[in-house]
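Provide a 3D model corresponding to the input given below.
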Amino acid sequence: MRWALPFLVAAVLLACGEPAPAGPGLTQAEALRLALRADDQRRLAFAEARAGPLEDYFSGPALAGAQRRVDSLAQRGQRLEERPRLRCLVHWRADGSPEVVLEVRGERRLAAPRQPDPPWASFVRQWWLRLGLVGGRWLVTADLELPPDRWWPAGESCAAGPGML
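Numbering: from 1, shown residues only. Below you'll find the predicted structure:
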């Protein structure tokens, strides 16, 4: 029974919203959970134009890029707000440094001092993330908003219609 304790602790931490703990590797489900939480934190930082909890999920170039974007929004008094309607996994690679591509569909708007309540517009984006072990935790170490010509085909999970992962 003692051998099961580390796995139980890891499961509890993942369920509580903490970044994935170190281990021999990430499962697809663990990588997806980390990617979804990172997307939530990034979306919150852009909506509040405040970096806040980005360090909990990002490191290296991914963290620096997100902080630059937050700083740019804050300097202009803008907020990028998103209301995702569907988020799905469209690509997963486990070997080497794990990679995930999320497709996010929903509505977004760019609020500014002169237009604090702009209309919402529909969007679809694919976000590529590389995950790496940093200080004993899995974090997003690199990311990129993919241009449409580099998008992965959306699978059945994206074609399922309204809903969210």
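
Now do the buried residues in stretch 42-57.
Residues of stretch 42-57 classed as buried by neighbour count (16 or more other Cβ atoms under 10 Å): 42-43, 45-47, 49, 51, 54, 57. To be clear about C-beta, it is placed using only N, CA and C from the backbone, and glycine gets the same treatment.

now stretch 109-125
Buried residues in stretch 109-125, counted by 16+ other Cβ under 10 Å: 109, 111, 125.

Please flag which of the residues you listed sit within strands.
With strands defined by DSSP state E, the entries of the buried residues of stretch 109-125 inside them are 109, 111, 125.

for the chain, what helix or strand is lowest in average pLDDT?
Across the helices and strands of the chain, mean confidence by mean pLDDT, DSSP states H and E is lowest for helix 5-15: a mean of 35.

any chance of the buried residues of stretch 42-57 in JSON lines, with secondary structure too?
Shown next, in JSON lines, are the buried residues of stretch 42-57 (DSSP: H, G, I helix; E, B strand; the rest coil):
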{"residue": "42", "secondary structure": "helix"}
{"residue": "43", "secondary structure": "helix"}
{"residue": "45", "secondary structure": "helix"}
{"residue": "46", "secondary structure": "helix"}
{"residue": "47", "secondary structure": "helix"}
{"residue": "49", "secondary structure": "coil"}
{"residue": "51", "secondary structure": "coil"}
{"residue": "54", "secondary structure": "helix"}
{"residue": "57", "secondary structure": "coil"}
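
Show me the strands in the chain, by range?
79-93, 99-111, 121-134, 137-146.

Mean confidence (pLDDT) on the first one, please.
What that stands for is strand 79-93. Mean pLDDT, strand 79-93: 95.

again, but for the last one
Taken as a whole, strand 137-146 has a mean pLDDT of 97.

Ok, stretch 55-74 next?
Here the average pLDDT along stretch 55-74 is 96.

Now that stretch - C-alpha only, CSV.
Only the C-alpha atoms of stretch 55-74 are listed here, as CSV (Å, rounded to 0.1, in the frame of the first residue of the first chain):
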residue,chain,number,x,y,z
GLU,A,55,4.6,31.6,-13.2
ASP,A,56,2.4,28.8,-11.8
TYR,A,57,2.1,27.3,-15.4
PHE,A,58,4.7,29.0,-17.6
SER,A,59,8.5,29.2,-17.7
GLY,A,60,11.2,30.3,-20.1
PRO,A,61,10.2,31.8,-23.4
ALA,A,62,6.5,31.0,-22.9
LEU,A,63,6.5,33.0,-19.6
ALA,A,64,8.5,35.9,-21.1
GLY,A,65,6.2,36.1,-24.2
ALA,A,66,3.0,36.1,-22.1
GLN,A,67,4.4,38.7,-19.7
ARG,A,68,5.4,40.9,-22.7
ARG,A,69,1.9,40.7,-24.1
VAL,A,70,0.3,41.5,-20.7
ASP,A,71,2.7,44.5,-20.3
SER,A,72,1.7,45.7,-23.8
LEU,A,73,-2.0,45.5,-23.0
ALA,A,74,-1.5,47.2,-19.6
